[in-house]
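J.: the following block contains a protein sequence and its predicted model.
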Amino acid sequence: MNTKFDSLLKIKQQQLDKCEIDIMQNNQLIDSKNRKIDILLQDLSEVNIPKNGGYWDFKNMQDIKKAFVNEIDKTKNEISRLKNIGKKLQESYKIAFVEYEKIKYLKDNEIKKMILKIKKNELKDLDEVGIMLFKSNKENV
């Protein structure tokens, strides 16, 4: 049954779907950043300090290690930022879900009212048919 809430319910469903997609995309970004950190940690563990050589060789290796650590820290900060965004997205999802449920409840109530009205009209019609049959039977007797 079509109600006045159908189009609004469709919009709320679209908003809910968009929130779900945004949450999934954010989670995928977090996963990709975690994989990036794993790769950086693996690469960092493969960097060896030179056993012999000059000061500059040692300094270059320290700079390389420092660059890896800085990149890891930067990526961890990005993950933290993405997790904060994820919390905000979860809140907006909850709000959208509550709004969707409100409209759905209103639509269901509207449908129940329509069904009750139809049943009431059917009963009224049946009563009229019964009265008409009773009158016709009374006239035939």
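T.: Now that the structure is in, tell me what you want to look at.

J.: could you find the closest non-adjacent residue to Lys4?
T.: Sequence neighbours aside, Glu110 is the residue nearest to Lys4 in space, at 7.0 Å (criterion: Cβ to Cβ, 6 or more residues apart in numbering). The way it works is simple: take the backbone N, C-alpha and C, and place the C-beta from them, glycine included.

J.: other SSEs contacting the top helix by length along the chain?
T.: Of all segments of type helix in the chain, defined using DSSP state H, the longest is helix 55-140. If contacts are counted by 3 or more Cβ pairs under 8 Å, 6 or more residues apart in numbering; DSSP states H and E, helix 55-140 sits against helix 6-46.

J.: angle of the helix it packs on against helix 55-140?
T.: Between helix 6-46 and helix 55-140, the angle comes out at 160 degrees (axes from the mean of the first three to the mean of the last three Cα atoms, to 10 degrees).

J.: pLDDT on helix 6-46, on average?
T.: With pLDDT averaged residue by residue, helix 6-46 scores 95.

J.: equivalent analysis for stretch 56-67, please.
T.: pLDDT averaged over stretch 56-67 gives 90.

J.: report the contact partners of the residue nearest the centre of the chain.
T.: Centroid-nearest residue in the chain: Glu20, 2.0 Å away (criterion: Cα atoms, centre = their mean). By Cβ atoms under 8 Å, 6 or more residues apart in numbering, the contact set of Glu20 is Tyr93.

J.: let's verify Lys4: helix, strand, or coil?
T.: coil (DSSP: H, G, I helix; E, B strand; the rest coil).

J.: surely it is in contact with Asn109?
T.: No. If you go by Cβ atoms under 8 Å, Lys4 and Asn109 don't touch, sitting 11.7 Å apart.
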